[in-house]
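Engineer: predicted model, plus sequence, below.
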Amino acid sequence: MFSISADPAGNKDQTPRKFAFRAPQLPYTVNDFVFGKLLGVGSYSKVVRVKKKDTEEEFALKIMDKRHIIKENKVSHVKTERLVLDQLCHPGLVRLFFTFQDAQSLYMGLECCHGGELFYQMMKKGRLSIDEASFYIAEIVEALEYIHGEGVIHRDLKPENILLTSDGHLKLADFGSAKIMKPLPNGFIQNDPEEKTTFVGTAEYVSPEALNGRPLTIGADLWALGCIVYQMLEGKPPFRAASEYLTFQKVMARDFVMQPHFTPEARDLVNHLLDLDPERRLATGSMGYAALKAHPFFSRVKWSQLRESTPPKTAPLVLEETEDESEEESLDSDWELTQIGGKFASMTIDRVPTVKSAYSLGESEEAQLTTSTSRKKNSLLEECQAEKWRRFLRMGEELIATSLVKKYGGLSVKRRQLLLTNKPRLSYVHPVKLVLKGEIPWSNELYVQVENDYKFTICTPKRNYNLEDVKGKAHLWKEAIEHFLGESKSLS
Ligand SMILES: Nc1ncnc2c1ncn2[C@@H]1O[C@H](COP(=O)(O)OP(=O)(O)OP(=O)(O)O)[C@@H](O)[C@H]1O
């Protein structure tokens, strides 16, 4: 398997090769592939469509920067994902074919899902019809039935981690947070199956027992499934608030409303998945998944022919051309969020470490966690970053905040470096070509809506800018922008 040592040259392989892998580590290099479009950016990877030069086979190549993985404590995530994808095999899961590595990066050759994220389809469609939702949910149910049968709990089930094939079927991806509860086919057992749940996923989909530190069960994925059913029918997740802390409070209080357009079957399914008691959620009882699949919400689903049936029509997806890799800086520096000067000079920019029993934190403790200092560690990088973006400043302007974001527009998702200056001025730049791509017109009517740690929208009188901070700094963006809004309002 991948061995990740502190030595970025990857020469010191300290991991004994105990397990037989279906997807071997091969002596490939990046030169064996033609790079195509960028399929997606994760918090510790980017995924590019590639073609193997000799065989012309197409793959989604997940590229992970070793230094970034070590720095962000993601080594176990990468190992878990590699193990799980290697050992599990089902049409509802993204398949792993091979891995390789070089001095800087680890690479996973994955089955390419051309249809993009389910999240994108949900965003484009708003509310889904019952037929669309029941088809998609049925495909997710089948994939969950399989992984749970193999003793694997996904733990980060959300529309961003569910991908569409070119013909519109769904596949689960991103198993970095998974827990392996019983030995995998190759005999690997991860760790203590009695381990208590900790919050590792995404606030909107986290189960109440995870917030209470109760033992981890498949119920965690079934809760997330309930959130996705709701989101498909409502256009937004059931538990959403201005901050993670407030979202947790809603989850614990099971505070959500189903509008009249929810059919009785949909209402019943959501209620039975979003049960505060994980042992009462559908599929956890003695009948297991048979109980869930027999639910009237799925009355039109032909379970035995699901993968052969025609999926809902999808909105077309437009992807960016991948940059010339030689032009690109290492992900490590590319992904660093920088905040320089002014009020924000003293603010911290590091992501909160995994929060155990986050619900029990008071707001002041929460604020402390999100503002613990790490500036010293990043000071050198901040200087480099400041230099890199300085060319986009106007005379007398100071850079206040900048980070890499995904910018969702009409039919496309683009990577952009978002810049805020003290003028105040908001602009976005092509992060590799270093070309100014646009400005977000500043006005006193501008405001920021935060959906979760990653996603936020800058709303201007003429247009909304849907953004996703790849390192989960959405709340910091809101704070930084609102600080200057306060200032410009008091001046006018
Ligand atoms: N096999 C694939 N085919 C097509 N696109 C993919 C594939 N795997 C990943 N992607 C795209 O790349 C994005 C990032 O991948 P992934 O979620 O695996 O990365 P990560 O670094 O583990 O992210 P996260 O921040 O969610 O932990 C996905 O959200 C998706 O848009």
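Structural biologist: All right, it came through fine.

Engineer: and the stretch 151-300 of the chain, which residues reach the ligand?
Structural biologist: Counting by Cβ under 6 Å from any ligand atom, the stretch 151-300 of the chain comes close to the ligand at 160-161, 163, 173-174, 176. For the C-beta atoms, the positions are set from N, CA and C on the backbone; glycine is no exception.

Engineer: could you identify the most distant pair in those?
Structural biologist: Farthest pair in those (Cβ to Cβ) is Leu163 and Gly176. Separation: 14.6 Å.

Engineer: looking at the two, which one has more neighbours?
Structural biologist: Taking other Cβ atoms under 10 Å, Leu163 and Gly176 do not tie; Leu163 has more neighbours (28 against 25).

Engineer: look up how far Phe256 lies from the residue lying closest to the more buried one once chain neighbours are set aside.
Structural biologist: Nearest residue to Leu163, sequence neighbours excluded (Cβ to Cβ, 6 or more residues apart in numbering): Cys113, at 3.6 Å. Noted for Cys113: a distance of 30 Å to Phe256, by Cβ to Cβ, to the nearest Å.

Engineer: just want to know which of those two has more residues nearby.
Structural biologist: Neighbours were counted for Cys113 and for Phe256 using other Cβ under 10 Å; Cys113 has more, 23 against 17.

Engineer: you'd agree the more buried one is up against Val94?
Structural biologist: Yes - contact status for Cys113 versus Val94: in contact at 6.4 Å, counting by Cβ atoms under 8 Å.

Engineer: overlap in contacts, those two.
Structural biologist: 60, 163, 171, 173 (Cβ atoms under 8 Å, 6 or more residues apart in numbering).

Engineer: tell me the predicted confidence for Ala203.
Structural biologist: At Ala203, the predicted lDDT confidence score is 84.

Engineer: ok, now Thr354?
Structural biologist: So Thr354 comes in at 27 (pLDDT).

Engineer: out of the shared contacts of Cys113 and Val94, who's nearest the ligand?
Structural biologist: Ranked by distance to the ligand (Cβ to the nearest ligand atom), those are led by Ala60 at 3.4 Å.

Engineer: the closest one: which element?
Structural biologist: Ala60 belongs to strand 58-65 when assigned by DSSP states H and E.

Engineer: show residues contacting that strand.
Structural biologist: Contacts of strand 58-65 (Cβ under 8 Å, 6+ apart): 33, 35, 39, 44-52, 74, 78, 94, 97, 104-113, 330-332.

Engineer: weed out the non-buried ones from those.
Structural biologist: 33, 35, 39, 44-52, 74, 78, 94, 97, 104-113, 331-332 (16 or more other Cβ atoms under 10 Å).

Engineer: ok so, going back, buried ones in the helix or strand just after the strand holding Ala60, by neighbour count?
Structural biologist: Later in the chain than strand 58-65, the nearest helix or strand by DSSP H and E is helix 66-71. Within helix 66-71, the residues scored as buried using 16+ other Cβ under 10 Å are 66, 68-70.

Engineer: distance from helix 66-71 to the middle of the chain?
Structural biologist: Distance of helix 66-71 from the chain centroid (Cα atoms, centre = their mean, to the nearest Å) equals 18 Å.

Engineer: could you list every helix and strand in contact with it?
Structural biologist: helix 75-87, strand 105-110, helix 331-334 (3 or more Cβ pairs under 8 Å, 6 or more residues apart in numbering; DSSP states H and E).

Engineer: out of those, which comes closest to Pro215?
Structural biologist: So among the helices and strands packed on helix 66-71, helix 75-87 is nearest, using Cβ to Cβ, at 18.8 Å.

Engineer: contacts for the closest one?
Structural biologist: In contact with helix 75-87 (Cβ under 8 Å, 6+ apart) are residues 1-2, 4, 19, 21-23, 44, 64, 69, 93-96, 99, 106, 108, 110, 150, 152, 174-178, 180, 184-186, 188, 190.

Engineer: for this structure, which helix is longest?
Structural biologist: helix 130-149 (DSSP state H).

Engineer: and after it, which helix or strand comes next?
Structural biologist: In N-to-C order, the element after helix 130-149 by DSSP H and E is strand 152-153.

Engineer: and the helices in this structure?
Structural biologist: 66-71, 75-87, 118-125, 130-149, 208-212, 219-234, 244-253, 264-273, 289-293, 331-334, 363-370, 375-390, 474-491.

Engineer: can you list the buried residues of helix 66-71 in a markdown table and add distance to Ala203 and pLDDT?
Structural biologist: Converted to a markdown table, these look like this (distance: Cβ to Cβ, whole Å; pLDDT from 0 to 100):
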| residue | distance to Ala203 | pLDDT |
| --- | --- | --- |
| Lys66 | 29 | 93 |
| His68 | 23 | 85 |
| Ile69 | 23 | 89 |
| Ile70 | 26 | 90 |
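
Engineer: can I get those in JSON lines including distance to Glu398?
Structural biologist: Shown next, in JSON lines, are the buried residues of helix 66-71 (distance: Cβ to Cβ, whole Å):
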{"residue": "Lys66", "distance to Glu398": "34"}
{"residue": "His68", "distance to Glu398": "28"}
{"residue": "Ile69", "distance to Glu398": "33"}
{"residue": "Ile70", "distance to Glu398": "32"}
